[in-house]
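Asks: Below: sequence and its predicted model.
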Amino acid sequence: MVSFWDGYLWPGIVIVAQCVALIVPLLIAVAYLTLFERKVMAAMMLRRGPNVVGAFGLLQPFADGLKFLVKETVIPAGANKVVFLIAPMLTFVLAMIAWAVIPVSAGVVLSDINVGVLYLFAISSLGVYGIIMAGWASNSRYAFLGALRSSAQMVSYEVSMGFIIITVLLCVGSLNMSKIVEAQRDLWFAIPLFPMFVIFFISTLAETNRHPFDLPEAESELVAGYQIEYSAFAFALFMLGEYANMILMSAFTAILFLGGWLPPLDIAPFNWIPGFVWFAIKIVILLFVFIWVRATLPRYRYDQLMRIGWKFFLPLSLLWVVLTASAIVAFGWYPSKA
């Protein structure tokens, strides 16, 4: 007979420890991503950026977090208080639990399920609910308009992202994230599927409401969009969720197209570097492009945003699915076996 310790308590402790080992580095990465963004944008604008709190400003994220914690959370009188407070929590929690299926190295994954891609796509699709709840519960026209914009934007670009993911799955034959990475051991999918790689990355900008597609929180029109009535730690949860989603989408892009934890070449000295380091390097490069785009490009109009998603990205991604399936059926050609 299995004891209570061996059957229930010890496995529970192991799972909690694994979750903590994943979430704590992620939260630290989110904190320093804010500093990284401010430093990179400052360099592009010939400014210094944060450089007062700690050496080279390295303690600035902790100072910002402390400020959010000690400030008063102001809830509008006409707001639905329960939904108003649940919205940022939901956004943050969804950004965290999506990492359960992300393999950071060979065999290093919290839950190596066979439908990892489906799980991740479902979780990312649920993110719009937190934004809609925030816009409705705030009882503000600006917040509500921002939430409507965001919901339409995220749904629009998820369609083309879905077709691009199908293209990759056709080349792999599995929904398991680890198998998708292993299928790119000889050739990263970013090379044969380069147009889809570019479209997918641009779609992640729209999915995370980042510049130049940050229409839901356009300062010139909606002040701050769905976040306008939020303050203190509730606002911080939205920010944490947004930056965690940036890291998540960069990790997802690296897994689908850049070989995940695999090195560029399976030769020395590339294969001396641990897999999780390569994975982190690819994520940082993609995050740099996120910031680079923000500092470089002007914001699109909303009609331009929707036109790109429905009239360009969707037909092209659908065409690429047909071409990839035709190549596999007609010639037995798989990019992973090229």
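Replies: Received it, and whenever you're ready, just let me know what you need.
Asks: Which secondary structure elements does the helix or strand where W320 lies sit against?
Replies: Assigned by DSSP states H and E, W320 belongs to helix 314-331. Packing contacts for helix 314-331, counted by 3 or more C-beta pairs under 8 Å, 6 or more residues apart in numbering; DSSP states H and E, involve helix 141-172, helix 194-207. For the C-beta atoms, the positions are set from N, CA and C on the backbone; glycine is no exception.
Asks: What separation do you get for E37 and L58?
Replies: 14 Å (C-beta to C-beta, to the nearest Å).
Asks: Could you tell me how many residues sit around the closest residue to F235 other than its chain neighbours?
Replies: Distances taken as C-beta to C-beta, 6 or more residues apart in numbering put Q227 closest to F235, at 6.2 Å, once the chain neighbours are dropped. Here the number of neighbours of Q227 (other C-beta atoms under 10 Å) works out to 26.
Asks: show me what contacts Q227?
Replies: 134, 143, 146, 217, 235, 238 (C-beta atoms under 8 Å, 6 or more residues apart in numbering).
Asks: And the last one, how far from L85?
Replies: Put plainly, it is F238. 12 Å.
Asks: So between these two, which is more surrounded?
Replies: The neighbour comparison of F238 against L85 (other C-beta under 10 Å) goes to F238, with 22 against 19.
Asks: What is the neighbour count of the closest residue to that one other than its chain neighbours?
Replies: Spatial nearest neighbour of F238, excluding adjacent residues (C-beta to C-beta, 6+ apart): P88 at 4.9 Å. P88 is flanked by 24 other residues according to other C-beta under 10 Å.
Asks: Surely P88 and A232 touch.
Replies: No. Assessed by C-beta atoms under 8 Å, P88 is found out of contact with A232, at 10.5 Å.
Asks: tell me which residues of the longest helix along the chain are tucked away?
Replies: Longest helix in the chain, counting residues (DSSP state H): helix 10-44. Neighbour counts over helix 10-44 (16 or more other C-beta atoms under 10 Å) mark 22, 26, 29-40, 42 as buried.
Asks: quick one, what contacts the closest residue to F313 other than its chain neighbours?
Replies: Spatial nearest neighbour of F313, excluding adjacent residues (C-beta to C-beta, 6+ apart): S160 at 4.0 Å. Going by C-beta under 8 Å, 6+ apart, S160 touches 199, 203, 309, 313-314, 316-317.
Asks: Of those residues, which is the most crowded?
Replies: Neighbour counts for these peak at S203, which has 26 neighbours (criterion: other C-beta under 10 Å).
Asks: which residues sit in contact with it?
Replies: By C-beta under 8 Å, 6+ apart, the contact list for S203 reads 157-158, 160-161, 164, 309, 313.
Asks: Greatest separation within those: which pair is it?
Replies: Pairwise distances across the contacts of S203 peak at 12.5 Å for I164 and G309 (criterion: C-beta to C-beta).
Asks: Could you check how many residues crowd around L287?
Replies: Neighbour count of L287, defined by other C-beta under 10 Å: 21.
Asks: Quick check: it vs L46, distance?
Replies: Taking C-beta to C-beta, one finds L287 at 21 Å from L46.
Asks: quick one: the strand or helix carrying A95 to helix 10-44, angle?
Replies: Secondary structure assigned from DSSP H and E places A95 in helix 81-97. Going by axes from the mean of the first three to the mean of the last three C-alpha atoms, to 10 degrees, helix 81-97 is angled at 90 degrees with respect to helix 10-44.
Asks: could you point out which element follows helix 81-97?
Replies: By DSSP H and E, the next helix or strand past helix 81-97 is helix 116-137.
Asks: what comes up buried for that following helix?
Replies: Neighbour-count burial for helix 116-137 [16+ other C-beta under 10 Å]: 116-117, 119-121, 123-125, 127-128, 130-137.
Asks: burial count for L69?
Replies: Using other C-beta under 10 Å: L69 sits among 10 other residues.
Asks: OK, contacts around it?
Replies: L69 sits in contact with 232-233, 236, where contact means C-beta under 8 Å, 6+ apart.
Asks: Now tabulate those in a markdown table and tack on secondary structure.
Replies: Formatted as a markdown table, the contacts of L69 follow (DSSP: H, G, I helix; E, B strand; the rest coil):
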| residue | secondary structure |
| --- | --- |
| A232 | helix |
| F233 | helix |
| A236 | helix |
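Asks: before we move on, the earlier item: per-residue pLDDT, the residue nearest to F238?
Replies: The confidence metric pLDDT takes the value 87 at P88.
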